[in-house]
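Participant: coords below, sequence missing:
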């Protein structure tokens, strides 16, 4: 489930949330890159999770101590050379090593000889994507004569916000990076690309996107239909097999990530840096899902898991999932509705003429009501009609006449006049949900759909940039 980024904190939006969704295309791969992982490993010493880690790892069973990384070698011993070329723009091995250091620090994973290639792959894809983004933004600035790329002043403000969210001053935040061999320029360039790219995507496409009422209603109906199925609150990491070089590489990488999370690496930090899912920007938080929404292999694993448990790597058709089950609840057939009513008081002895008059009054009012919100204001203008909010109740607990009417109504709809011993009523259904689930408003659904559409546009844009670029890795 994709989440909208509009209300997230600066640290969560820009700190460590770069996600890649497809492999580099049209890349002329030159031998030697994989072997360099062993050489670069000497640049990293095993270090504890940084003091500015944004989340805690999920509870897990104790595991053996992590294998220590090789002893750090003097930085001067590493000669700088070309790691990749993106449309004639060079990414040096120094750039790559710096980004690997930042990735290690922000993921909380201990570097070892085994996982250094995985860090290198993620760091290189990140740098290539950022080069493509900045190149595209500079081109748009020149063509349209507008400012898009974030300024140094804006970057300093973002870093200050990150530091504040982690109870550090900007100076302490920068010092914590420098203590781990990370230059502030490395972080600034990462933030510059991400802030600028998000600004461009939202500015260019955000105002054009429209989420229709029919889309919102369809989503509401799916939620209501799934109320009787088991529900799981999960966080996820998804490794795209095509992106990382094949299913075998994805399974190996997932196993390493599971091992590191069992030893204390925070799940949200790992998801932000390694997951190819849209939920990566939110630390892998997929919220509540219903059985049947995920791949069958994931559903089967969830059935066997307990809350607080981390899954083994789960292979699906196009990649590998790692699931952390935060909470689980059984589905129920009970449905809760929120109702409002407008009524005309009529005694049981009312004549047919009185009933007909009251029916005509309520039918006229019903034709004027466009939503649950305007039932009471419209009713207040009609003599003899009393309106009120009935609150929430399970459908099975309603009076038989009310229950029969409400079962067939959807949120926003108004019933035909209903005769009871007290009078004549019309009911407006404000919401309808499973008794065991959390109510999701139309606004929340609209926001989620908007975020999903914007995310899809951004992925397609990046795919097109990669396809048209000349990318060489050495």
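Facilitator: Sure thing, it's come through. Note that the structure is predicted; figures quoted are calculated from it, not measured.
Participant: Would you enumerate the residues in contact with residue 426?
Facilitator: The neighbours of residue 426, taking CB atoms under 8 Å, 6 or more residues apart in numbering as the test, are 341-343, 362, 365-366, 414-418. (Each C-beta comes from the backbone N, C-alpha and C, glycine too.)
Participant: Nearest to residue 195 among the residues you listed?
Facilitator: For the contacts of residue 426, the closest approach to residue 195 (CB to CB) belongs to residue 414, at 46.7 Å.
Participant: Spatially nearest residue to that closest one, not counting backbone neighbours?
Facilitator: Nearest-residue entry for residue 414: residue 428, 4.8 Å, with adjacent residues in sequence omitted and distances by CB to CB, 6 or more residues apart in numbering.
Participant: so who does the one you found touch?
Facilitator: Applying CB under 8 Å, 6+ apart, one finds that residue 428 lies in contact with 339-342, 369, 371-372, 375, 412-415.
Participant: Please narrow the residues you listed to those residing in helices.
Facilitator: Using DSSP state H, residue 375 are the members of these that sit in helices.
Participant: Let's have the contacts of residue 428 in a markdown table, adding distance to residue 328.
Facilitator: Written out in a markdown table, the entries for the contacts of residue 428 read as follows (distance: CB to CB, whole Å):
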| residue | distance to residue 328 |
| --- | --- |
| 339 | 30 |
| 340 | 34 |
| 341 | 37 |
| 342 | 41 |
| 369 | 40 |
| 371 | 35 |
| 372 | 32 |
| 375 | 38 |
| 412 | 31 |
| 413 | 33 |
| 414 | 37 |
| 415 | 36 |
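Participant: circling back: just name the closest of the contacts of residue 426 to residue 240, please.
Facilitator: Checking the contacts of residue 426 against residue 240 with CB to CB, the nearest one is residue 414 at 47.1 Å.
Participant: which regions of the protein sit below the pLDDT cut-off?
Facilitator: Of all residues in the chain, those with pLDDT under 70 make up the ranges 1-79, 226-228, 330-334, 434-440.
Participant: can you rerun that using 50?
Facilitator: 1-78 (pLDDT under 50).
Participant: Now residue 390. Nearest residue, chain neighbours left out?
Facilitator: Spatially, and ignoring its direct neighbours in sequence, residue 390 is nearest to residue 339 (4.3 Å; CB to CB, 6+ apart).
Participant: Select only the buried ones of the contacts of residue 428 in PyMOL?
Facilitator: Burial among these is assessed by 16 or more other CB atoms under 10 Å; the matching PyMOL selection reads:
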select buried, resi 339+340+341+342+369+372+375+412+413+414+415
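Participant: Sort out for me which of the contacts of residue 428 are in strands.
Facilitator: With strands defined by DSSP state E, the entries of the contacts of residue 428 inside them are 339-342.
Participant: Make CSV out of the residues you listed and add distance to residue 201.
Facilitator: Listed next are these as CSV, based on distance: CB to CB, whole Å:
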residue, distance to residue 201
339, 41
340, 40
341, 45
342, 46
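Participant: Between the residues you listed, which sits nearest residue 243?
Facilitator: In terms of CB to CB, no member of those lies closer to residue 243 than residue 339, at 49.0 Å.
Participant: Which residues belonging to stretch 410-427 are considered buried?
Facilitator: The neighbour-count check on stretch 410-427 (16+ other CB under 10 Å) flags 411-415, 417-418, 423-427 as buried.
Participant: Same check on stretch 91-110?
Facilitator: With burial defined by 16+ other CB under 10 Å, the residues of stretch 91-110 counted as buried are 91, 93-110.
Participant: so how far is it off the chain centroid?
Facilitator: Between the mean C-alpha point of stretch 91-110 and the mean C-alpha point of its chain there is a distance of 24 Å (CA atoms, centre = their mean, to the nearest Å).
Participant: and if you look at stretch 136-153?
Facilitator: Computed by CA atoms, centre = their mean, the chain-centroid distance of stretch 136-153 equals 27 Å.
Participant: May I have the distance across it, first residue to last?
Facilitator: 21 Å (CA to CA, to the nearest Å).
Participant: Same check on stretch 373-383?
Facilitator: 20 Å.
Participant: Now do that stretch: everything it contacts.
Facilitator: Identification of contacts with stretch 373-383 by CB under 8 Å, 6+ apart yields 340-342, 361, 364-365, 368-369, 385-389, 414, 428.
Participant: please redo it, this time with the cut-off set to 6 Å
Facilitator: Stretch 373-383 is touched from outside by 340, 342, 365, 368-369, 385, 387, 428, with contacts defined as CB atoms under 6 Å, 6 or more residues apart in numbering.
Participant: can you redo those as a markdown table with distance to residue 317?
Facilitator: What follows is the contacts of stretch 373-383, written out as a markdown table (distance: CB to CB, whole Å):
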| residue | distance to residue 317 |
| --- | --- |
| 340 | 47 |
| 342 | 53 |
| 365 | 54 |
| 368 | 52 |
| 369 | 48 |
| 385 | 58 |
| 387 | 53 |
| 428 | 45 |
